[in-house]
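J.: I'd like to go over a predicted model; first the sequence, then the structure.
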Amino acid sequence: MEQLHNPDFNVTEFRNIRNESGSNGFVLSTKQWIAATNAIGITAKPGRYEGGTFAHSDIAFEFGTWLSPQFKLYLITEFQRLKAEEEKQISVEWNLQRTLAKINYHIHTDAIKEHIIPRR
């Protein structure tokens, strides 16, 4: 699964890091992680004002949910709210399109009756 979006990800080194991570003295910087595993989607820049660790939103959300159960609950709740809102919008659009199709059907069939089919 580690290689889903990064075919060059070093799975062997990842497993070594994962095995060592349980020890009390384990320390791993972002730069070390990137260098060891060929990680993408995360960068570390030195500097007081321009520096920092930056990650793709998927990585940032995963890290945030690991750090804070409250943040994880917020994301889940917000996702559910957005999906419910999307479902309402789709339902309204579908009903509107259905109503328009019904009205247009009568307009079309009446036009055919009046202009194309000859009356005897």
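T.: Noted; the coordinates are in hand.
J.: from Ser68, how far off is the closest residue to Ser21 other than its chain neighbours?
T.: Counting by C-beta to C-beta, 6 or more residues apart in numbering, Leu28 is the residue found nearest to Ser21 once chain neighbours are left out, at 7.5 Å. Placement of C-beta: from N, CA and C, glycine included. Distance, Leu28 to Ser68, by C-beta to C-beta, to the nearest Å: 21 Å.
J.: kindly report the same for Asp8.
T.: Remark: distance between Asp8 and Ser68 (C-beta to C-beta) = 31 Å.
J.: more neighbours, the two?
T.: Neighbour count, other C-beta atoms under 10 Å: between Asp8 and Ser68, Ser68 has more, with 12 against 9.
J.: how close does that one sit to Glu62?
T.: Distance of Ser68 to Glu62, given as C-beta to C-beta: 12 Å.
J.: just the helices in the chain please.
T.: Taking DSSP state H to define them, one finds helices in the chain at 11-20, 30-37, 57-67, 69-115.
J.: quick one: low-confidence parts of this protein?
T.: For the chain, residues meeting the criterion pLDDT under 70 lie at 1-3, 117-120.
J.: ok, now which ones touch the nearest residue to Ala44 once chain neighbours are set aside?
T.: Of all residues not flanking Ala44 in the chain, Thr30 sits nearest, at 4.0 Å (C-beta to C-beta, 6+ apart). Thr30 sits next to Ile42, Thr43, Ala44, Thr53 when contact means C-beta atoms under 8 Å, 6 or more residues apart in numbering.
J.: just the buried ones from those residues, in ChimeraX syntax?
T.: Per 16 or more other C-beta atoms under 10 Å, the buried members of those correspond to this ChimeraX selection:
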select :42
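J.: Serialize the contacts of Thr30 to TSV and add fields for distance to Glu20.
T.: TSV is the format used below for the contacts of Thr30 (distance: C-beta to C-beta, whole Å):
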residue	distance to Glu20
Ile42	19
Thr43	23
Ala44	20
Thr53	21
